[in-house]
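K.L.:
the following comprises the amino acid sequence and a computationally predicted model.
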Amino acid sequence: MRKIIVSMTTIIALAACTGQKAGKEDPATDTAFEQVADRFADIEVLRYQVPGFESLTLQQKQLIYHLSEAALMGRDILFDQNGRYNLAIRRTLEAIYTGYKGDRESADFKGLETYLKRVWFSSGIHHHYAVDKFSPGFPQTFFADCVKQLDPSKLPLREGQTVDAFLAELTPVLFDPTVMPRRVVQSGDGDLIQASANNYYGAGVTLKEVEDFYAKLKKPGDPRPISYGLNSRLVKKDGKLIEEVWKVGGLYSQAIEKIVGELEKAAAFAENDAQKKIIETLIAYYRSGDLKTFDAYSILWVEDTVSDVDFVNGFIETYGDPLGMKASWESTVNFINKEATKRTNTISENAQWFEDHSPTDPRFKKKAVKGVSAKVITVTMLGGDCYPATPIGINLPNANWIRHEHGSKSVTIENITEAYDKASQGNGFNEEFVWSDAERESIRKYGFETDNLHTDLHECLGHGSGIILPGVDPDGLKAYSSTLEEARADLFALYYLADAKLLELGLLKDPEAYKAEYYKYMMNGLMTQLVRIEKGRQVEEAHMRNRQLIARWVYEKGFPEKVVELKKRDGETFVVVNDYDKLRTLFGELLAEVQRIKSEGDYNAGKALVENYGVKVDPELHAEVLERYAKLNLAPYRGFLNPVMKEVKNGQGEVTDIRLDYTEGYVEQMLRYSRDYSFLPTYNN
């Protein structure tokens, strides 16, 4: 619940022209750095660079190397979490792709290739963002013929299963749109657990059973509750609900053992005793599955503000669970960007001022903000739910009591935002959707600066602000928790972007700069993020719901005074902001209400806010936006390839350096990862 995903707000300023080269030389190869690696369906795959890596010490590089290996070892886990057939489908498609003897230029094979690329990108058969199941671009008969032409030993057959039985089991999952249609369903009156195709719950488990199961475990009034259900799948065996814990010796053990092995190697290169203790505690958690040990690890991790190298590794974010309890596996490895961190240090040093001056009810404010640390980082490896689709900012830990007692750690991933920025030349987006030259010039002049500052404020202050009142269930907002949490952090950032305090602190130099972010945010929330939704669909993803909720709410509340308008020009719709001061006031009013909802655990009010403003799509406006966007030939989604890390050894086998290679292609990286980092059985249920 603490992860910023790049949105159309960022793409406005940062979308790329396909095939464009950045003007820098690749330090690993002394060749021009090819930023765009691939383009397919609605996705563009980019490469990111790691400036400053060469200047790290050998010890730091070796620490990063082993943490990065650990970041790749859990790849299969996310595939299986996203759907119980994902590994079977991925392995089958890879076997077809690598062994196909027919015409590889045929429409059917090209359709299969695109489908496989989408499966790789989304870690499964459902869209990584929109969560709908992909439609194969090849016929069922072609798939069956390809499977039957393979050596059965190349297929992920169950024990004793025939090829025909295998096809009968897998074919509906791929081709029937009514089978497992959505990875996660987060709203509606039906059973959200049974409607969701993810693999966090076993067959036959119902929403009521899940809620009752965890309600019995929770201790009312517990000031330091563990994150119940975070690292397990809840299944029904012999009519009884049990948790299958993700740990060494438990579910996903084969991959977790590999993660632990690399963490043990990394510990030998820790920069200091505190960092070594963090790694050792994470290992202990992976071995035991004990969530109290996870809390101990989280406290040690958040209190380490000295180490230059840092990482995230584990079951962290809960967006994929309709109840916001069970976490997907993810990892990032990074080191600090010391110069850029001066900006976030300024923010964190003044956290109490921002908390005190928030427009929220004093009852919901922290009297003493503790341990808010923030930094700008350079990422070196992405894994699990952070790859290939990549966050631009992270704030952890998620446990509210740890945040309250020990603080939080926020990061802005600037080499990722820089990668978007380098790919921003002449895409035509602003010319198509921005109202006038005045707004376009503001975006050109201040867009990158205010984007990064919005991320800083969102992560460092927004997620870390406010309190939950004693006795309120931290999971009480249920399916709406993620959306409301992201709205709270976004609103906090938006409100303060226009504050004179930022000028006083030197974070902005022009009092008009915030308008660039305000305009982009409103245009995105009201209109342009709709390019990510298929015609006829509603908004499902939590970040998109958050942005529409905010934009639609302030548009409606400001409608009598025409604070924001949707104006027509030559038959096309544009967002026009008439009163930026009043817009800021409305952001503050909504922030106060969302904070109240979270602090009091007001489920009904939270549900009404999300359902009334964050979900429904105007079909006429949607059709218009899709038509206008199609003319630009841009990909609405982006992700990244990782650099290849290579150990350099001397004649005695000693590591003398770690070098990065940026030349690997998308297909090559995905096939290599499937070959070298795939440890789980095909079926884990």
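P.N.:
Perfect, thanks for sending it. Please read these numbers as outputs of a predicted model, since none were measured by experiment. Numbering: from 1, shown residues only.
K.L.:
neighbours around the residue lying closest to residue 685 once chain neighbours are set aside, how many?
P.N.:
Spatial nearest neighbour of residue 685, chain neighbours left out: residue 84 (5.1 Å); criterion: Cβ to Cβ, 6 or more residues apart in numbering. Using the backbone N, CA and C atoms, a C-beta is placed for each residue, glycine as well. Residues within reach of residue 84, counting by other Cβ atoms under 10 Å, total 22.
K.L.:
same check on residue 359?
P.N.:
As a burial measure, residue 359 scores 16 neighbours (other Cβ under 10 Å).
K.L.:
just to revisit the earlier point, contact partners for the residue nearest to residue 685?
P.N.:
In this structure, residue 84 makes contact with 199, 683-685, judged by Cβ atoms under 8 Å, 6 or more residues apart in numbering.
K.L.:
buried subset of those?
P.N.:
Neighbour-count burial within the contacts of residue 84 applies to 199, 684; the criterion is 16 or more other Cβ atoms under 10 Å.
K.L.:
and the contacts of residue 84, which is closest to residue 342?
P.N.:
Top of the list for closeness to residue 342, among the contacts of residue 84 and by Cβ to Cβ, is residue 199 at 43.4 Å.
K.L.:
list the contacts of that closest one.
P.N.:
In this structure, residue 199 makes contact with 80-84, 233, 684-685, judged by Cβ under 8 Å, 6+ apart.
K.L.:
then residue 623?
P.N.:
Each residue near residue 623 by Cβ under 8 Å, 6+ apart is listed here: residue 535.
K.L.:
which strand or helix spans it?
P.N.:
Assignment of secondary structure by DSSP states H and E places residue 623 within helix 619-630.
K.L.:
go on, residue 332?
P.N.:
Using DSSP H and E, residue 332 falls within strand 328-336.
K.L.:
what helices and strands are in contact with that strand?
P.N.:
Using 3 or more Cβ pairs under 8 Å, 6 or more residues apart in numbering; DSSP states H and E as the contact definition, the elements that strand 328-336 packs against are helix 58-73, helix 75-82, strand 309-317, strand 372-384, strand 408-413.
K.L.:
okay, the angle between the longest one and strand 372-384?
P.N.:
The reference is to helix 58-73. Orientation note: helix 58-73 sits at an angle of 60 degrees relative to strand 372-384 (axes from the mean of the first three to the mean of the last three Cα atoms, to 10 degrees).
K.L.:
sorry, back to before: can you redo the contacts of residue 199 as TSV with distance to residue 365?
P.N.:
TSV is the format used below for those (distance: Cβ to Cβ, whole Å):
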residue	distance to residue 365
80	42
81	36
82	38
83	42
84	44
233	38
684	45
685	45
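K.L.:
returning to what we had before: and the residue nearest to residue 685, helix, strand or coil?
P.N.:
Reducing the assignment at residue 84 to three states with DSSP: H, G, I helix; E, B strand; the rest coil gives coil.
K.L.:
now the phi/psi pair for it, please.
P.N.:
phi -70, psi -10 (degrees, to the nearest 10).
K.L.:
and the pLDDT at it?
P.N.:
Residue 84 is assigned 98 on the pLDDT scale.
K.L.:
contacting residues for residue 194?
P.N.:
With contact taken as Cβ under 8 Å, 6+ apart, residue 194 is in contact with 205-207.
K.L.:
CSV for the residues you listed, including pLDDT?
P.N.:
Formatted as CSV, the entries for the contacts of residue 194 read as follows, by pLDDT from 0 to 100:
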residue, pLDDT
205, 97
206, 97
207, 96
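K.L.:
relative to residue 626, which of those residues is nearest.
P.N.:
Distance to residue 626 across these (Cβ to Cβ) is lowest for residue 207, with 33.5 Å.
K.L.:
pretty sure the closest one contacts residue 191?
P.N.:
Yes: counting by Cβ atoms under 8 Å, residue 207 sits close enough to residue 191 to count as a contact (4.6 Å).
K.L.:
ok, these two, which is more surrounded?
P.N.:
For residue 207 and residue 191, the more surrounded residue by other Cβ under 10 Å is residue 207, and the numbers stand at 19 against 16.
K.L.:
which residues touch that one?
P.N.:
Under the criterion of Cβ under 8 Å, 6+ apart, the contact list for residue 207 reads 191-194, 323.
K.L.:
ditto for residue 125
P.N.:
Counting by Cβ under 8 Å, 6+ apart, residue 125 makes contact with 83, 85-86, 89, 119, 133-134, 173-174, 180.
K.L.:
okay, the residues you listed in TSV with neighbour count next?
P.N.:
Below are these laid out as TSV (neighbours: other Cβ atoms under 10 Å):
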residue	neighbour count
83	23
85	26
86	26
89	21
119	21
133	23
134	17
173	18
174	22
180	21
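K.L.:
can I get the helix or strand where residue 444 lies in PDB? Just the C-alpha atoms.
P.N.:
Secondary structure assignment for residue 444, by DSSP H and E: helix 437-456. As requested, the backbone C-alpha atoms of helix 437-456 are provided in PDB (Å, rounded to 0.1, in the frame of the first residue of the first chain):
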ATOM      1  CA  ASP A 437       0.400  26.900 -24.600                       C
ATOM      2  CA  ALA A 438       0.400  28.400 -21.100                       C
ATOM      3  CA  GLU A 439      -0.100  24.900 -19.500                       C
ATOM      4  CA  ARG A 440       2.300  23.300 -21.900                       C
ATOM      5  CA  GLU A 441       5.000  25.800 -21.000                       C
ATOM      6  CA  SER A 442       4.400  25.300 -17.300                       C
ATOM      7  CA  ILE A 443       4.700  21.500 -17.800                       C
ATOM      8  CA  ARG A 444       7.900  21.900 -19.900                       C
ATOM      9  CA  LYS A 445       9.500  24.200 -17.300                       C
ATOM     10  CA  TYR A 446       8.400  22.600 -14.100                       C
ATOM     11  CA  GLY A 447       7.000  19.100 -14.800                       C
ATOM     12  CA  PHE A 448      10.000  17.000 -14.000                       C
ATOM     13  CA  GLU A 449      10.800  19.000 -10.900                       C
ATOM     14  CA  THR A 450       7.300  18.900  -9.500                       C
ATOM     15  CA  ASP A 451       6.800  15.200 -10.400                       C
ATOM     16  CA  ASN A 452       9.800  14.300  -8.300                       C
ATOM     17  CA  LEU A 453       8.700  16.600  -5.500                       C
ATOM     18  CA  HIS A 454       5.200  15.200  -5.500                       C
ATOM     19  CA  THR A 455       6.700  11.700  -5.200                       C
ATOM     20  CA  ASP A 456       8.900  12.900  -2.300                       C
END
